[in-house]
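Visitor: structural data only, the sequence is not supplied:
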């Protein structure tokens, strides 16, 4: 291996290491997205709403089809 090839290899390795550190610093404060259904605060229900609140296939608590 020639001398310039060794220096090129060292420079490439250092470039990869430095770029990975820069990416980690840049993305350190990102919030990960929540997967699945979000946990929304439940609205207070009235006494007569228990019969109408059966969830349908879409997870909608209104009891109506998703139109």
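Guide: Cool, the structure landed. Remember, predicted model here, so these are calculated numbers, not experimental data.

Visitor: which residues of the chain score low on pLDDT?
Guide: 38-40, 48-67 (pLDDT under 70).

Visitor: quick one, helices of it?
Guide: 3-26 (DSSP state H).

Visitor: ok, residue 22 to residue 8 distance?
Guide: 21 Å (C-beta to C-beta, to the nearest Å). Every C-beta, even on glycine, is put in place using the N, C-alpha and C of the backbone.

Visitor: ditto for residue 36
Guide: Residue 36 is 47 Å from residue 8, by C-beta to C-beta.

Visitor: who has more neighbours, these two?
Guide: residue 8 (11 against 5; other C-beta atoms under 10 Å).

Visitor: for the more buried one, give me its contacts.
Guide: By C-beta atoms under 8 Å, 6 or more residues apart in numbering, residue 8 lies in contact with nothing.

Visitor: neighbours around residue 14, how many?
Guide: What residue 14 shows, counting by other C-beta under 10 Å, is a neighbour count of 10.

Visitor: let me fix that, I meant to ask about residue 13.
Guide: 10.

Visitor: repeat for residue 43
Guide: Counted with other C-beta under 10 Å, residue 43 comes out at 7.

Visitor: from residue 21, how far out is residue 15?
Guide: 11 Å.

Visitor: tell me the residues that contact both of the two, please.
Guide: Joint contacts of residue 15 and residue 21 (C-beta under 8 Å, 6+ apart) do not exist.

Visitor: lovely, talk soon.
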